[in-house]
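**Q** Kindly return the folded structure for what I paste below:
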Amino acid sequence: MNIEFNKNEDVNKQLVYELKTRLKKVYLGGGEKNAAKQKEKGKLLARERIEYLIDKNSNFLEVGAFTADGMYAEQGGCPSAGVVCGIGYVSGRQCMIVANDATVKAGAWFPMTAKKNLRAQEIAMENRLPVIYLVDSAGVYLPMQDEIFPDKEHFGRMFRNNAIMSSEGIVQISAIMGACVAGGAYLPIMSDEAMIVDQTGSVFLAGSYLVKSAIGEEVDNETLGGATTHCEISGVTDYKHPNDQACLDSIKNIMSMLGAPQNAGFDRIAPVKPKEREEELYGIFPENRDKPYEMMDIINRLVDGSEFEEYKKGYGQSIVCGLGRVDGWAVGIVANQRKVVKSKKGEMQFGGVVYSDSADKASRFIMNCNQKKIPLVFLQDVTGFMVGSRSEHGGIIKDGAKMVNAVANSVVPKFTIVLGNSYGAGNYAMCGKAYDPRLIYAWPTAKIAVMGGSQAAKTLLQIQEASLKAKGELITTEKQAELLKEISDKYDSQTTPYYAASRLWVDGIIDPLETRKVISMGIEAANQSPITKKFSVGVIQT
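**A** Residues are numbered from 1 along each chain as shown. As a prediction, this is how the structure comes out:
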């Protein structure tokens with residue numbers, strides 16, 4: 001090991017430590033005081049409910065832990081957007097779990113809460129995963145109702161999805177474990193089965209105060225919409241349970257009786273660990289995002305047995321493509337190359353730039369994987385497509401369009417891991433969020449933006465200088481430096497993985513050592529949803 005390796009290792013381990021520290025804070029939800037109030041009611045907390053529900057010693061892949069991180073400061077914050085979501089195993093069956101966190105504003109729905117719930121449903125629908133809703137919510141956060149209620153991707157879309165999933169045979173089970181008010185009442189009742197916890201669970205379109213003001217009737221919430229009312233009078237709910245644990249045990253029992261899911265037929269053999277030490281990822285990945293490194297050193301620490309069948313190795317070398325296995329699953333990997341190489345064209349440092357020949361290679365490889373029914377894994381560290389007159393004359397836009405077309409029309413499941421840079425059209429071509437990866441996660445080293453901070457600052461500075469020059473003004477050296485710093489600082493704050501995760505541009509931030517788990521659980525989920533579409537790239541120039 002050399003000094004550079006040790007320096008990288010120290011920096012990357014520190015970033016992982018920061019990640020785990022921030023996650024611990026997120027896991028506290030609305031804080032100890034609010035948690036104590038839930039406990040006084042005899043209720044489990046959202047994360048405790050999930051821990052009790054899932055199989056012991058099984059994996060849980062959280063989606064959106066950092067959603068709304070740093071947002072809604074004026075409202076006092078909204079950790080994890082007030083809801084915990086993720087893929088877990090219940091009675092041996094992989095499913096999507098959605099649990100309201102009543103310690104955060106009584107589980108009220110903020111705009112990002114809706115976005116996160118819709119993302120959880122999207123994952124469930126794409127992979128035909130059963131959904132378990134653990135409902136405990138006061139409904140829409142009224143001061144922000146205009147940002148959550150009426151639009152297509154707002155609150156109402158959830159109920160539409162409930163109906164669509166039910167019609168497609170995707171099982172949905174709801175447990176009413178706290179308040180369930182107004183429009184939110186439709187979510188559990190539009191599920192296939194609904195159960196309720198006695199004395200703590202309640203469901204109604206309008207609570208007792210609203211009923212009093214609307215029609216003058218005086219009635220308490222328990223009589224209005226408690227467990228006894230809905231299990232013995234209205235018939236709205238199907239099962240009544242004395243406490244959270246009994247309710248969750250009932251869900252486990254129901255899940256144990258589900259018929260086997262369909263199989264998409266993705267190939268899997270007995271998994272083996274990489275021969276190369278996974279822990280060395282910390283030392284290999286450079287702390288300086290401009291420094292070159294060998295992408296194969298990363299791949300060899302992610303694939304089983306460190307065995308990788310590289311496609312067109314000597315051609316289009318700014319992208320690495322090839323076949324391998326992750327936790328036994330066959331995968332096709334598309335990764336940006338960052339090293340300096342020597343070829344007949346001379347010495348080139350790729351730096352994550354996509355060239356025409358690389359885009360052509362990647363497009364063909366993606367088509368091959370679709371033909372062979374092999375899931376795709378994209379490892380992003382991309383600064384964009386090559387620019388300049390030589391590239392433009394060579395048709396870089398056309399070749400880039402081929403790659404984007406192949407990614408967009410791919411019918412095999414796609415999984416994206418953002419290792420480092422994810423800039424501009426490179427983000428799109430390497431299966432960014434807009435291109436429907438089944439899962440997209442980022443390392444703590446990730447940066448996502450239309451371009452790097454320094455490039456953006458210089459570009460905007462040139463525009464500013466031109467504007468001032470047109471007015472007959474000159475910009476001083478001091479003003480240049482001030483403007484550069486201002487723009488760079490703003491860009492840098494908006495390119496962090498936490499900024500991306502808070503807005504659900506990525507599903508989460510992970511320790512690099514969790515990469516294999518994310519990919520494996522993702523393919524296992526995708527394997528429950530047979531491919532029904534035929535791959536076609538449509539009209540595309542060759």
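
**Q** Quick check: the gap between K447 and M296.
**A** The gap separating K447 from M296 is 22 Å, by C-beta to C-beta, to the nearest Å. From N, CA and C alone the C-beta is placed, and that goes for glycine too.

**Q** More neighbours: the two, which one.
**A** K447 (23 against 17; other C-beta atoms under 10 Å).

**Q** Quick check: closest non-adjacent residue to the more buried one.
**A** T495 (4.3 Å; C-beta to C-beta, 6 or more residues apart in numbering).

**Q** where does the one you found land on pLDDT?
**A** Model confidence at T495, given as pLDDT, is 91.

**Q** before we move on, what about E153?
**A** The pLDDT attached to E153 in the predicted structure is 84.

**Q** backbone phi and psi for it, please?
**A** Backbone torsions for E153, taken as degrees, to the nearest 10, come to phi -100, psi 30.

**Q** how many other residues sit next to it?
**A** 11.

**Q** any idea whether the residue of the chain positioned farthest from its centre is helix, strand or coil?
**A** If you look at how far each residue of the chain sits from its centre, by C-alpha atoms, centre = their mean, the farthest one is G472, at 49.1 Å. Under DSSP: H, G, I helix; E, B strand; the rest coil, G472 falls in the coil class.

**Q** any idea how far the residue nearest to K447 lies from I417?
**A** When distance is defined by C-beta to C-beta, T495 is 17 Å away from I417.

**Q** Give me the more crowded residue out of these two.
**A** More neighbours sit around I417 than around the other of T495 and I417, counting by other C-beta under 10 Å; the figures are 26 against 21.

**Q** Toward the C-terminus, what is the element adjacent to the helix or strand hosting the more buried one?
**A** Secondary structure from DSSP states H and E places I417 in strand 414-423. On the C-terminal side of strand 414-423, the nearest following helix or strand under DSSP H and E is helix 424-429.

**Q** what packs against that following helix?
**A** Using 3 or more C-beta pairs under 8 Å, 6 or more residues apart in numbering; DSSP states H and E as the contact definition, the elements that helix 424-429 packs against are strand 353-354, strand 376-382, strand 384-385, helix 396-409.

**Q** Residues touching it, excluding its own?
**A** Contacts with helix 424-429, where a contact means C-beta atoms under 8 Å, 6 or more residues apart in numbering, come from 336, 352-354, 359, 362, 380, 382-385, 400, 403-404, 407, 434-435, 448, 450-451.

**Q** Excluding residues flanking it in the chain, which one is nearest G322?
**A** Nearest non-adjacent residue to G322 (C-beta to C-beta, 6+ apart): E310, at 4.0 Å.

**Q** Pull the contacting residues for that neighbour.
**A** Taking C-beta under 8 Å, 6+ apart, we find E310 in contact with M296, V320, C321, G322.

**Q** Can I take it that it is in a strand?
**A** Yes. In this structure, E310 lies within a strand as judged by three-state DSSP.

**Q** And the pLDDT at the nearest residue to G76 once chain neighbours are set aside?
**A** Closest residue in space to G76, ignoring its immediate chain neighbours: K105 at 7.6 Å, by C-beta to C-beta, 6+ apart. In this model, K105 is scored at 92, pLDDT.

**Q** K105 - how many residues pack around it?
**A** K105 has 22 neighbours, counted by other C-beta under 10 Å.
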